[in-house]
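Engineer: after the sequence you'll find the predicted model.
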Amino acid sequence: MSRRWPWTVALTRFARGGGFASLAAGAALAVGLWVVGLTSAAPALGASSQSNGTFVTGFVYYDLNGNGRWDPGEPRAPGATIAFSPLPPDGPERPPLFAAAVASGDYQIDDTVSQYTDVQIAVGVNNAVGKAIASGSDRLAIPLGQTITADVGLRFTGAPRPGCVDCGYYAETQFETDPVFFGYFDYRGGVGTFGYPVSRLFLFQGFPTQIFQRVVLQEWPDGSVHLLNLLDPGLLPFSSFNGAVVPAYDPTLVARAPAPGSPGSSDAVVQFVQANAPNTFAGQPVNFGATFLNTVSVSTAYPPIPPLSYCQQHGLPDSRCTRPPGYGNLSLLPGFDLEIWGIPTSLPMVDPHNHDFIYQRFQRGILHFQEATNTTEGLLLGDYFKDLLTGQDLPADIAAEAANSPYLDQYCRSGPHWICRPDALDPTTTDLTGAFEPEAFDPENPHPAIP
């Protein structure tokens, strides 16, 4: 579902010069923020040395007034992806052709398109979590020896839901990402990195806290956001999660890690990860190192930022249309990955009870490779921590290991600050009031009171 920009977008398209098929009426997309268009006059991007004169050219722009054509003052939108996929009888054996709009917003597909006679053209821009937020497609005839130009526009047809311009509500779990964590959630990968929110905002160990399926986020007094080290002693330092046997903490490995803040530690810690988080283990493509170092992509950390006029037009704060300090600094990406996972605290291990599963432990998560699906992802440690606090759906192996935990089965509506045993959990630094009460979404009241 659309996260923060709940407008409806309708697609309009206009032919400008032969061979461009008409738009199917009524196309609509439940996405919204960026606008994509194609028109004429682009520099040659990868033109072949012996051209036969067949080109498709255009540029990408923000259609701020939604009239389906470029108007003076509407800025270009670099970074859009343009794809041409052949249709029968040319395809599907022939590969699609791709171009990306350059810094000026221009793009060009060179005369290799002349090998096709009929193609599907698609243009798209992704948001911070990799989901398409502006796109369009249609059929395009390729007349030999001609330059083809066209305009494509996406226009807004709806208004923001009242009171919910910044609503990140997920029906899947009946919770929303609290505004405290909006920016961090988006710029570190959203649902793909953290999973869905599974709690409201509550006080834990003195910090505003929210639990997501894979992690627990906390806001520190300076306003910065940090992940709770869920695998630390006292929280979930376990080696079995719902029957999955994972490697234990390895102090010998951790002792070899670069000391934080030491000279050259930034590069050294990346080398440490590469050396100890392999992509192949026990003959399987576990991709632990690659998953770690690609957790936060460039497009996620530095998503396209709309022009200031967009925020002004839609009543959004100017900060949403302003590049923050350090925006675009690629050298920071490995540090963002380290924020999410921390350093490896074990080497990989095959689950002794299920040889299809391979695990590796990090400071703040456990990566899980599954041979049957050839996938690598993080265990849902946040869900397990919620289960620990509520005592509901808690796997038997975790319950046994957490028998003496001060957090076990502490969520009581009748207790002070909704804490069952305040003698074991300091209510002056932890307040569980309403933390796990589902939020029934109401666009007029996106932050309903706790019942």
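Structural biologist: Nice, thanks for sending it over.

Engineer: low-scoring stretches of the protein, by residue?
Structural biologist: Applying pLDDT under 70 to the chain picks out residues 1-54, 60-68, 73-105, 110-145, 148-167, 310, 314-316, 320, 440-451.

Engineer: one more time with 90
Structural biologist: Of all residues in the chain, those with pLDDT under 90 make up the ranges 1-183, 186-187, 189-190, 221-223, 233-234, 258-267, 270, 297-332, 425-428, 438-451.

Engineer: contacting residues around the top helix by length along it?
Structural biologist: Criterion DSSP state H: the longest helix present in the chain is helix 265-276. Contacting residues not belonging to helix 265-276 are listed as 253, 256-259, 262, 289, 292-293, 334-335, 338, 343-344, 347 [Cβ atoms under 8 Å, 6 or more residues apart in numbering]. (Glycine included, C-beta is placed from N, CA and C.)

Engineer: cool, stretch 281-298 as well?
Structural biologist: Against stretch 281-298 from outside (Cβ under 8 Å, 6+ apart): 130, 187-189, 193, 270, 273-274, 277-280, 330, 333-334, 336-337, 340-341, 348, 350, 358, 360, 362, 367, 369, 371, 374, 376-377.

Engineer: now the buried members of the residues you listed.
Structural biologist: By neighbour count, with 16 or more other Cβ atoms under 10 Å, these hold 187-189, 193, 270, 273, 277-279, 333-334, 336-337, 340-341, 348, 350, 358, 360, 362, 367, 369, 371, 376 as buried.

Engineer: which residues touch the nearest residue to residue 409 once chain neighbours are set aside?
Structural biologist: Leaving aside its chain neighbours, residue 409 sits nearest to residue 391 (3.2 Å; criterion: Cβ to Cβ, 6 or more residues apart in numbering). Neighbour list for residue 391: 408, 409, 410, 411 [criterion: Cβ under 8 Å, 6+ apart].

Engineer: again, but for residue 429
Structural biologist: Neighbouring residues of residue 429 by Cβ under 8 Å, 6+ apart: 203, 204, 205, 206.

Engineer: could these be laid out in a markdown table, adding neighbour count and secondary structure?
Structural biologist: Formatted as a markdown table, the contacts of residue 429 follow (neighbours: other Cβ atoms under 10 Å; DSSP: H, G, I helix; E, B strand; the rest coil):
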| residue | neighbour count | secondary structure |
| --- | --- | --- |
| 203 | 18 | strand |
| 204 | 23 | strand |
| 205 | 12 | coil |
| 206 | 13 | coil |
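
Engineer: out of those, which one sits closest to residue 146?
Structural biologist: For the contacts of residue 429, the minimum distance to residue 146 (Cβ to Cβ) is 64.5 Å, reached by residue 204.

Engineer: grab the nearest non-local neighbour of that closest one.
Structural biologist: residue 430 (5.3 Å).

Engineer: what's the neighbour count on the one you found?
Structural biologist: Residue 430 has 23 neighbours, counted by other Cβ atoms under 10 Å.

Engineer: who touches it in this structure?
Structural biologist: Residue 430 is in contact with 203, 204, 205, 206, 417, 419, counting by Cβ under 8 Å, 6+ apart.

Engineer: pretty sure the fifth one is touching residue 426, no?
Structural biologist: No: because the distance of 9.8 Å does not satisfy Cβ atoms under 8 Å, residue 417 is recorded as not touching residue 426.

Engineer: the two: who's more crowded?
Structural biologist: A count of neighbours by other Cβ under 10 Å puts residue 417 above the other of residue 417 and residue 426, at 17 against 13.

Engineer: surely that one forms part of a strand?
Structural biologist: No: per DSSP: H, G, I helix; E, B strand; the rest coil, residue 417 lies outside any strand segment and is helix.

Engineer: ok, now which ones touch it?
Structural biologist: Per Cβ under 8 Å, 6+ apart, neighbours of residue 417: 427, 430, 431, 432, 433.

Engineer: ok, now how distant is the last one from residue 418?
Structural biologist: So that's residue 433. 5 Å (Cβ to Cβ, to the nearest Å).

Engineer: so between those two, which is more surrounded?
Structural biologist: Neighbour comparison, residue 433 and residue 418: the larger count goes to residue 418, with 21 against 17 (by other Cβ under 10 Å).

Engineer: for that one, what are its contacts?
Structural biologist: Contact analysis of residue 418 by Cβ under 8 Å, 6+ apart lists 411, 412, 431, 432, 433, 434, 435.

Engineer: also residue 207?
Structural biologist: Residues near residue 207 by Cβ under 8 Å, 6+ apart: 218, 219, 220.

Engineer: how many other residues sit next to the second one?
Structural biologist: Neighbour count of residue 219, defined by other Cβ under 10 Å: 18.

Engineer: quick check: it touching residue 206?
Structural biologist: No: using Cβ under 8 Å as the test, residue 219 is too far from residue 206 to be in contact (10.8 Å).

Engineer: spell out, range by range, the helices that occur in the protein.
Structural biologist: Applying DSSP H to the chain gives helices spanning 182-187, 190-194, 251-255, 265-276, 288-293, 298-301, 308-313, 333-341, 381-390, 396-401.

Engineer: so which of those helices is nearest residue 226?
Structural biologist: Smallest distance to residue 226 across the helices of the chain (Cβ to Cβ): 7.9 Å, for helix 333-341.

Engineer: and the closest one with helix 265-276, angle?
Structural biologist: 70 degrees (axes from the mean of the first three to the mean of the last three Cα atoms, to 10 degrees).

Engineer: what is helix 333-341 packed up against?
Structural biologist: Where contact means 3 or more Cβ pairs under 8 Å, 6 or more residues apart in numbering; DSSP states H and E, helix 333-341 is packed against strand 225-227, helix 265-276, helix 288-293, helix 298-301.

Engineer: on that earlier part again, the contacts of residue 207 in strands, which ones?
Structural biologist: 218, 219 (DSSP state E).

Engineer: columns distance to residue 404 on top of the contacts of residue 207, output as CSV?
Structural biologist: CSV is the format used below for the contacts of residue 207 (distance: Cβ to Cβ, whole Å):
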residue, distance to residue 404
218, 24
219, 29
220, 29
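
Engineer: and which of the contacts of residue 207 is nearest residue 246?
Structural biologist: Nearest to residue 246 among those is residue 218, at 23.7 Å by Cβ to Cβ.

Engineer: which residues does that closest one contact?
Structural biologist: Taking Cβ under 8 Å, 6+ apart, we find residue 218 in contact with 204, 205, 207, 208, 209, 225, 226, 227, 228.

Engineer: perfect, that will be all.
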